[in-house]
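Undergrad: just coords:
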């Protein structure tokens, strides 16, 4: 690579793509992110330059690989993958957060695009955020949040010895997590996140003579944080390092782009950013954020038998409830849960990737009710729903659910729209980050709703906005879906 491509607040992978982990094989880079309650799990990306990324699949796309029960709440599910390439294979280790607690599992593949194996369970690995590293004699070390470590056989899941503590991070810093272990030169480096994944998030590092330490902290810790600054990117942390073929070093990490007044609300979720790394006195120094390539618009006519990799559903996607094969050229959604308030709603969406965007879909609600939704979780979503001769705009905010607008429509297909706009009162300390306007194409907007209520600062959790189609009753069909960035 040739140095920075320009300083910017543009993520390299925009939208709800948190907890990035990266590895390089030859001239190719591969990156994986958390997916939480969405299925398929763990989106996988490929790049040749660290700036332009293409999603090449999802690692966990079969029910045998990931079975998220309806009891699992939003922001549970799949946490913090680590992706590595070793001995000619890709290895992916993740935490699946269940109602009983965290379960750590491992997958392997010959090709990062898949297919990936069924899970290899790791009952001897506690905690969350597991990492994989191999030493010179082939021993595999699994390090996890806390920060602890245990030796494992990645092919069987067997552990050797008891887990032991490595490092507690900076004195007084909460939540030491997201460890990654590397052999760089004569040292083993232990990179962690700490301070919590909110405004206090940070990246710190220590080094030692062996993979199990002892570790001494970097005197300049944290090596990355934007806490207490006016930087447009906040919550920076949960990082991973990679070396380019030319010898340069780079860091990927998550961050958010808050907007509106005080205290600021981020609505897209935690996104993946990139920065260069140099080395001084044997310690990494993180440079300015490098500009990513803005995500493009996307339209799907549902002409293919298989859905694009960017489509995600809530917890599961039964083929009989979500298919493009029943009515050629259309997406068919058959209702299960009665609304987006339900954990088993039939929903197909994509991550919002721009601060300003517009989404449209042509729906045929002749045999059911359904619509176009912006979802954060079961208690925080807005939607426009068609069926039974009327269109309704519905808002769910916490314990409150209300129909905010209604309009009669003739029978047959119609185009539903939703788009974002900026704060109505720029400079107002209480200004919302954006508004979401819902309507029927060709008519004035039916409702404009405050965007802050679909933000992590209000709803909590670890995800971001997902825009998509759903069925509430019966069967509904969608001819196309169009998502485009707005200036």
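TA: Received, thanks. Small disclaimer: the values here were computed from a predicted structure and weren't measured.
Undergrad: in the stretch 301-450 of the chain, which spans are strands?
TA: Applying DSSP state E, counting those that start in this stretch to the stretch 301-450 of the chain gives strands spanning 313-314, 322-323, 331-334, 346-351, 357-377, 380-387, 390-397, 400-408, 414-421, 435-440, 447-450.
Undergrad: Next: the stretch 151-300 of the chain.
TA: 159-165, 177-184, 187-194, 202-208, 216-217, 234-243, 249-256, 271-280, 283-286, 298-300.
Undergrad: can I get the ones you listed in CSV with mean neighbour count and distance to residue 364?
TA: In short, each C-beta sits where N, CA and C put it, glycine included. Listed next are the strands of the stretch 151-300 of the chain as CSV, based on neighbours: other Cβ atoms under 10 Å; distance: least, Cβ to Cβ, whole Å:
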stretch, mean neighbour count, distance to residue 364
strand 159-165, 12, 54
strand 177-184, 22, 45
strand 187-194, 25, 46
strand 202-208, 23, 49
strand 216-217, 16, 60
strand 234-243, 24, 41
strand 249-256, 25, 37
strand 271-280, 20, 34
strand 283-286, 20, 51
strand 298-300, 15, 16
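Undergrad: Minimum distance to residue 42: which of those strands has it?
TA: Nearest to residue 42 among the strands of the stretch 151-300 of the chain is strand 271-280; the distance by Cβ to Cβ comes to 13.4 Å.
Undergrad: now that closest one, how far from the centre of its chain.
TA: Distance of strand 271-280 from its chain centroid, counting by Cα atoms, centre = their mean, to the nearest Å, is 19 Å.
Undergrad: go on, stretch 286-296?
TA: Distance of stretch 286-296 from its chain centroid, counting by Cα atoms, centre = their mean, is 17 Å.
Undergrad: now do stretch 228-248
TA: Relative to its chain's centre, stretch 228-248 lies at 17 Å (Cα atoms, centre = their mean).
Undergrad: Compute the number of surrounding residues for the closest residue to residue 439 other than its chain neighbours.
TA: Leaving aside its chain neighbours, residue 439 sits nearest to residue 445 (4.2 Å; criterion: Cβ to Cβ, 6 or more residues apart in numbering). The number of residues packed near residue 445 is 17, by other Cβ atoms under 10 Å.
Undergrad: So residue 102 belongs to a strand, correct?
TA: Yes: assessed with DSSP: H, G, I helix; E, B strand; the rest coil, residue 102 lies in a strand.
Undergrad: Distance of it relative to residue 381?
TA: 27 Å (Cβ to Cβ, to the nearest Å).
Undergrad: Look at these two and report which has more neighbours.
TA: residue 381 (26 against 18).
Undergrad: Now do the contacts for that one.
TA: When contacts are counted by Cβ atoms under 8 Å, 6 or more residues apart in numbering, residue 381 touches 340, 373-375, 396, 454.
Undergrad: Could you check the pLDDT of it?
TA: At residue 381, the model reports a pLDDT of 98.
Undergrad: wait, which of the strands of the stretch 151-300 of the chain is closest to residue 11?
TA: Closest approach to residue 11 among the strands of the stretch 151-300 of the chain (Cβ to Cβ): strand 271-280, 4.0 Å.
Undergrad: coming back round to it: tabulate the strands of the stretch 301-450 of the chain in CSV, adding columns for distance to residue 149.
TA: Below are the strands of the stretch 301-450 of the chain laid out as CSV (distance: least, Cβ to Cβ, whole Å):
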stretch, distance to residue 149
strand 313-314, 35
strand 322-323, 41
strand 331-334, 45
strand 346-351, 33
strand 357-377, 33
strand 380-387, 37
strand 390-397, 43
strand 400-408, 46
strand 414-421, 44
strand 435-440, 45
strand 447-450, 46
